[in-house]
Every structure is written in C-alpha cells, then in structure tokens.
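Engineer: For reference, the sequence and a predicted model appear below.
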Amino acid sequence: MKPSVFVAIPMFEEVLDHLRQHFEVVDNQADTLFTPAQLAEKLQGHAGAITTGTERIDAALLAACPQLKVVANMAVGFNNFDVPAMTAAGVQATNTPDVLTETTADFGFALLMATARRVTESEHFLRAGQWTKWRYDMFAGAEVHGSTLGIIGMGRIGQGIARRAAHGFGMQVTYHNRSRLSAELEVQCQARYVSKTELLQQADHVMLVVPYSAESHHTIGSAELALMKPTATLVNIARGGIVDDAALAQALQEGRIASAGLDVFEGEPQVHPELLKCGNVVLTPHIASATVQTRKAMAQLAADNLVAYLTRGQALTPLNSVQGRA
Ligand code: DGY
C-alpha cells in the first residue's frame, strides 16, 4: 500500500499528480485554514505533509500525529517549525532553499525602488484624480543609484541583493550578519562588513533579509529607527516580527525615517492599523518569491523532498538529521 501524505496548502495540479504517482494524496484545494487542532486531526494517518509558514509544527502536534515522518515546508523560511521538537520526535523537516533566491532578490530590489521613488503613493494620487499639473517637487523621492545600501542578513538572498545593488546600481553596499562572509564573497558582492549601529547610521536604504528567530525578533525597533537617517528607507522582505511594526508606524508618522517597503508583517495577514494609515509605506502581501516559475520550483522541491524521504530515506534539502520514526 502506498504511504499517504497531506498537502495542507493549495497546490499546483501537476505537483499533486506527481505526488499521486508515489502516495495516496489528500489535498486542500479548498484552501481551508486549519486551527492547530484541526491540522492535527487532518494529519492523522499521514506519513508526510507539505506546509508553508502558516502551519505550526511543534511538539504538541507531533505527539498527536505519531505516524507523521516528514514535513516539507514550501518556503525557505521555517520559523513555523520547531526543529528541535521535530528532531526529538524523529521527524524529518525540509525547506526550499536556492530555488527562490534570485526571484526574492529581484523583489527586494523592486520594493526598494518602489519605496524610495514613491511609486505606489504617486499612483494612488493619480488614480484619485488629484494630478492636475507637473510640479518640480511632486513625489520627489530618494536617489537609489550611487547611494548606500545596508543589508542586514547576508545569506543567499542578501548576497543576491548586494550584487544587484553594487553591479547594477553602483551602490555602496554595507552588511551586517551573524558571521562575516569569506573575503571572496565580499569581493563578489562588493560588500563591506560593518556593525549594526554603523550600518543603520550610514545607510540611505536598509534592507532586512535575516531569518526570523528569538534572537532576530525586533531587530528593528524604536532604538534602531532612531539611529537611521531621517531620509532613509527601510525594506523588510524577511519575516514579520523582525521589525516592531508599531514602532515603525510611529517613526513613519513622525518623519523620523522617510519611508518603508514591507512584504511581511507581525501577525500577518493582519497589518498594523497605523501602518495602513501611512502614505509613505509600500505594502505587499508576502509575495517576494511569487513568480509562476519560482512557486512551481518551490512546490516541486517540497514534493520531491517527500518522495526522496519516504521512498529512499534521504531528503534533498533537510533541516535536521533524524534517525526516523518507527
Ligand atoms: C519563504 O520562502 O520563506 C517565503 O517567505 C515564502 O514563505
């Protein structure tokens, strides 16, 4: 009998067909959002699951689902996984690195450009019929080319953004990261390692690409915002919770920084009501990796991880090392 897997999120039909060649598949094409108790119930009897950032996989869920052997996150971020709990339970965790790097770096740059050059704010003005004449200072934004970009979090996506900034836009790139890049990578990215304080004080634009963890919670709060230039922009394509959204809304309203571009939010899909009131913020609904090709590649890799682990005992992009569940 084929093992059974639960695809907790809506999925490309071709990927479901691929999974059906190996497994009994229960899908969620109805796009139901499950409470933790409902998710535990849905996972009963399944050996594998595909999830994304909305499904929390923790010790309580694992204890309630003893047949679960592998959970494949369709995302590079995995803060919805309690990886130590998964390891302790012998459950394989996987994510989808690499396949989304360049697409997400493209979007980081798109959000930076839209924010610094006030693209959405000016479009709303035009659509509202308020454009009656050309003015020298109408929606005058911040220069991007030749300016200084500070990147916090210099993994693969951060490096992709640095290359775009340095090679494409002639920007000076500084970065801060838990560990410094090799000299070779620093040359490739034309990026200079600095302290977080120096980065915040000197950057014209600050880009956040750091994974979410207890340590990175509120990497940017009121103290950090106070260090930034009043003309600076802040872009967050990392995770909600990296920025203190209430403090950011206040800083934007008081003009303590010029503008922000946000693709991720604390408690998303809810967005802090004060951010919604700010004209100087560009808001997008967690779409940094959303191109058809990249989303298909992410879905395929998540599916391939289930196939590889459940048929050969070896995941393609594992997040933990496990002995396996009996
Ligand atoms: C990721 O891959 O982590 C993206 O944020 C989508 O969740």
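Structural biologist: Yes, it's here.

Engineer: Only the C-alpha atoms, please, for whichever helix in the chain runs longest, written as PDB.
Structural biologist: Counting by DSSP state H, the longest helix found in the chain is helix 292-312. The C-alpha trace of helix 292-312 is given here as PDB (Å, rounded to 0.1, in the frame of the first residue of the first chain):
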ATOM      1  CA  VAL A 292       5.000  31.300 -11.500                       C
ATOM      2  CA  GLN A 293       8.300  29.600 -12.300                       C
ATOM      3  CA  THR A 294       9.700  30.100  -8.800                       C
ATOM      4  CA  ARG A 295       6.500  29.000  -7.000                       C
ATOM      5  CA  LYS A 296       6.400  25.900  -9.200                       C
ATOM      6  CA  ALA A 297      10.100  25.200  -8.400                       C
ATOM      7  CA  MET A 298       9.300  25.600  -4.600                       C
ATOM      8  CA  ALA A 299       6.300  23.300  -4.800                       C
ATOM      9  CA  GLN A 300       8.200  20.700  -6.900                       C
ATOM     10  CA  LEU A 301      11.100  20.700  -4.400                       C
ATOM     11  CA  ALA A 302       8.800  20.300  -1.400                       C
ATOM     12  CA  ALA A 303       7.100  17.300  -3.200                       C
ATOM     13  CA  ASP A 304      10.500  15.800  -4.200                       C
ATOM     14  CA  ASN A 305      11.500  16.000  -0.500                       C
ATOM     15  CA  LEU A 306       8.600  13.900   0.500                       C
ATOM     16  CA  VAL A 307       9.300  11.400  -2.300                       C
ATOM     17  CA  ALA A 308      13.000  11.200  -1.500                       C
ATOM     18  CA  TYR A 309      12.500  10.800   2.200                       C
ATOM     19  CA  LEU A 310       9.600   8.400   2.200                       C
ATOM     20  CA  THR A 311      10.900   6.200  -0.700                       C
ATOM     21  CA  ARG A 312      14.700   6.400  -0.100                       C
END
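
Engineer: Report the mean confidence score over that helix.
Structural biologist: In this model, helix 292-312 carries a mean pLDDT of 98.

Engineer: Strands along the protein, start to end?
Structural biologist: 4-7, 24-26, 48-51, 70-73, 92-94, 148-152, 172-176, 191-193, 205-208, 233-236, 259-262, 281-283 (DSSP state E).

Engineer: residues contacting residue 58?
Structural biologist: 82, 85 (Cβ atoms under 8 Å, 6 or more residues apart in numbering). Quick note: C-beta positions are derived from backbone N, CA and C, even for glycine.

Engineer: That one and residue 91: what is the separation?
Structural biologist: To residue 91, residue 58 is 11 Å away according to Cβ to Cβ, to the nearest Å.

Engineer: go on, residue 124?
Structural biologist: Taken as Cβ to Cβ, the span from residue 124 to residue 91 is 46 Å.

Engineer: swap in residue 283?
Structural biologist: 35 Å.

Engineer: Over to residue 247?
Structural biologist: From residue 247 to residue 91 the distance is 37 Å (Cβ to Cβ).

Engineer: can you check residue 41 too?
Structural biologist: Computed as Cβ to Cβ, the residue 41 to residue 91 distance reads 18 Å.

Engineer: the more surrounded of the two?
Structural biologist: Higher neighbour count among residue 41 and residue 91: residue 91, with 24 against 12, using other Cβ atoms under 10 Å.

Engineer: doesn't residue 70 make contact with the more buried one?
Structural biologist: Yes - assessed by Cβ atoms under 8 Å, residue 91 is found in contact with residue 70 at 6.6 Å.

Engineer: What segments of the chain are helices?
Structural biologist: 13-20, 36-42, 59-64, 83-89, 101-116, 119-127, 156-163, 169, 183-189, 196-202, 222-227, 245-253, 273-276, 292-312.

Engineer: what's residue 306 in contact with, if anything?
Structural biologist: By Cβ under 8 Å, 6+ apart, the neighbours of residue 306 are 5, 19, 22-23, 48, 50, 70, 72.

Engineer: what does residue 314 give?
Structural biologist: So residue 314 contacts residue 308 (Cβ under 8 Å, 6+ apart).

Engineer: same check, this time on residue 106
Structural biologist: Contacts of residue 106 by Cβ under 8 Å, 6+ apart are residue 164.

Engineer: what does residue 71 give?
Structural biologist: By Cβ under 8 Å, 6+ apart, the residues touching residue 71 are 48-51, 57, 81, 86, 91-94.
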